[in-house]
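In: give me the fold of what follows.
(one chain, ligands or ions: 1)
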Amino acid sequence: MYSGSAVDHCNMFYLQEPDLLLLDEPTNHLDLDTIEWLEDYLNQQDVPMVIISHDRAFLDQLCTKIVETDMGVSRTYDGNYSEYFIARAAWIETQNAAWEKQQKEIEQTKDLIQRLGAGANSGRASSAEKKLEKLQEEDLIERPFQRKQMKIRFPERGRSGRFVATIKNLEFGFEDKVLFNRANLTIERGEKIAIIGPNGCGKSTLLKLIMGLQKPIAGEVEIGEHNVLPNYFEQNQAEALDLNKTVLETVEEAAEDWRLDDIKGLLGRCNFKSDMLDRKVSLLSGGEKARLAFCKFMVKPSTLLVLDEPTNHLDIPSKEMLEEAITEYKGTVITVSHDRYFIKQIVNRVVEVKDRKLQNYAGDYNYYLEKNLDARERELEREAEIEEKAPKVKAKSKMSKAEKEARKKQKMQAFQQAKAKSKGTKNAKRWN
Ligand SMILES: Nc1ncnc2c1ncn2[C@@H]1O[C@H](COP(=O)(O)OP(=O)(O)OP(=O)(O)O)[C@@H](O)[C@H]1O
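Out: The predicted structure is shown next:
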């Protein structure tokens, strides 16, 4: 359950006794349990950290300052991501009001200079000119830059029947690995469902079963009979793009009944400027490929969205755009995601893959957290364990030599024990 790489990296922090931790997208590809474990672990450490992450919930848990850099300007906000989000909106509003007020003052001063002109009023005119110069140079208020938020909508084709998908006594696995054992689930029109669970428990496989790309060994997976039109966003869809096609060709090919101008409009809204339309996919950056994969996905009308980790590789503005589009979508949504912020924004039902069954929580992610007492208990246990076994790391520069030696020995022992325990007991309890 606890990803080897996360534990091994933590092990490294211990051994190196750093004065500063630099973390670049540390939660990528980790499952929810491991992310929470990592958050707990990092929260215990008395070492300054600089974190780069698109995981907003992770930033909420750990950060006390957010530095935003955009268009070559960086601005620092106190607090975590949610506090930054509110403070930034307030700053933009205040700054805009101040900018507008100053613009008016500049116009009025220009008018005054023109009216006074030369002659008897030249003294007043020249002091107005000085004022204008000051306003336009020293005291100039910059208009806050706001990136144009792209807006997307998933095209819908009518309304599906009430029953969208039914899973009855599902049995499925690969070779000797059983993923589902008599699992059941009914999905109804308009539900927005998050499928959660640790890495490798079978979430993506479940989506493939729903899409008919895998066949159950026993039991049934059925799609509703009335107008259920799925649109499937596979994990790492961007990697499946044809590298030899151009940006425009990629979307054109997927769009059945779109006019060329509309396709270009959509690409424009997704920040593909006209000079990029003929660029080969092979030349695009990872983020650009992810956006293009979305455009391709976007043009297909549906009544059911099946999304596998749709926020992977998206930056925060693109995630916000996706959240808005899903909220507006009237059809049914099933998404696999490890992104708690995304899940919190969009779903009204959570299904956890647990002990090879599908555990239903008829509410949003907060409801799941409240109800999932086991998970909460595990978290408390984990906190106590970390507190007890892993004494806080003090920056090395603040320690005496004897303290450093003692700490090193103590940490090596504690960590080896904790690692053995997390690999053995917890995995065995939950997944074997
Ligand atoms: N075609 C396949 N043949 C054999 N094993 C497979 C195949 N596809 C998936 N598996 C295995 O089945 C398990 C479940 O895979 P799946 O991709 O459904 O997990 P997941 O819950 O979506 O994981 P993650 O959170 O890491 O994306 C994994 O152990 C995976 O290695």
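In: how about the closest residue to residue 266 other than its chain neighbours, phi and psi?
Out: For residue 266, ignoring the flanking residues on the chain, the nearest one in space by CB to CB, 6 or more residues apart in numbering is residue 295 at 5.9 Å. To be clear about C-beta, it is placed using only N, CA and C from the backbone, and glycine gets the same treatment. Main-chain torsions, residue 295, degrees, to the nearest 10: phi -60, psi -40.
In: and the pLDDT for residue 295?
Out: Residue 295 carries a pLDDT score of 88 in this model.
In: quick check: mean pLDDT across the helix or strand where residue 110 lies?
Out: Residue 110 is located in helix 81-116, with elements delineated by DSSP states H and E. The average of the pLDDT scores along helix 81-116 is 88.
In: residues in contact with the closest residue to residue 255 other than its chain neighbours?
Out: Closest residue to residue 255 apart from its sequence neighbours, by CB to CB, 6+ apart: residue 299 at 3.9 Å. Listed by CB atoms under 8 Å, 6 or more residues apart in numbering, the contact partners of residue 299 are 155, 251, 254-256, 258, 263, 266.
In: most neighbours, which of these?
Out: Within those, most neighbours by other CB atoms under 10 Å means residue 251, with 26 neighbours.
In: that's a strand at residue 178, yeah?
Out: Yes: the assignment for residue 178 is a strand, going by DSSP: H, G, I helix; E, B strand; the rest coil.
In: how close does it sit to residue 195?
Out: 18 Å (CB to CB, to the nearest Å).
In: so what's whatever residue of the stretch 251-400 of the chain ends up closest to the ligand up against?
Out: Closest approach of the stretch 251-400 of the chain to the ligand (CB to the nearest ligand atom) occurs at residue 336, with a separation of 6.1 Å. Applying CB under 8 Å, 6+ apart to residue 336 gives the contacts 194-196, 203-204, 206-207, 235, 307-309.
In: dihedrals phi and psi, the residue nearest to residue 255?
Out: The phi/psi pair for residue 299 (degrees, to the nearest 10) is phi -80, psi -10.
In: any figure for the gap between it and residue 281?
Out: For residue 299 relative to residue 281 (CB to CB), the value is 16 Å.
In: what of residue 228?
Out: 31 Å.
In: can you name the residues of the protein that neighbour the ligand?
Out: Applying CB under 6 Å from any ligand atom, we find that the chain lies next to the ligand at 31, 174, 177, 179, 197, 199-205.
In: most neighbours out of those, which is it?
Out: residue 203 (26 neighbours).
In: hang on, that residue packs against residue 352?
Out: No: if you go by CB atoms under 8 Å, residue 203 and residue 352 don't touch, sitting 9.7 Å apart.
In: and for those two, which residues touch both?
Out: 195-197.
In: show me where the stretch 301-432 of the chain has its helices.
Out: For the stretch 301-432 of the chain, applying DSSP state H, counting those that start in this stretch gives helices covering 316-328, 340-346, 365-371, 373-389, 401-421, 427-431.
In: again, but for the stretch 1-150 of the chain
Out: 4-16, 32-43, 56-62, 81-116, 122-136.
In: listing request: residues of this protein with sub-threshold pLDDT.
Out: 1-16, 118-122, 147-150, 374-376, 378-380, 382-432 (pLDDT under 70).
In: break it into its domains for me.
Out: As assigned by the TED database, the chain contains the domains 11-144, 163-386.
In: which of those domains sits most buried?
Out: Mean neighbours per residue, mean count of other CB atoms under 10 Å, is largest over these for domain 163-386, with a mean of 18.
In: test of understanding: give the bridge partners of residue 156.
Out: Beta-bridge partners for residue 156, by DSSP bridges, are residue 302.
In: I meant to write residue 335 there.
Out: Beta-bridge partners of residue 335, as defined by DSSP bridges: residue 194, residue 307.
In: that older thread, doesn't residue 253 make contact with the residue nearest to residue 266?
Out: No: checked against CB under 8 Å, the pair residue 295 and residue 253 is beyond contact range at 11.5 Å.
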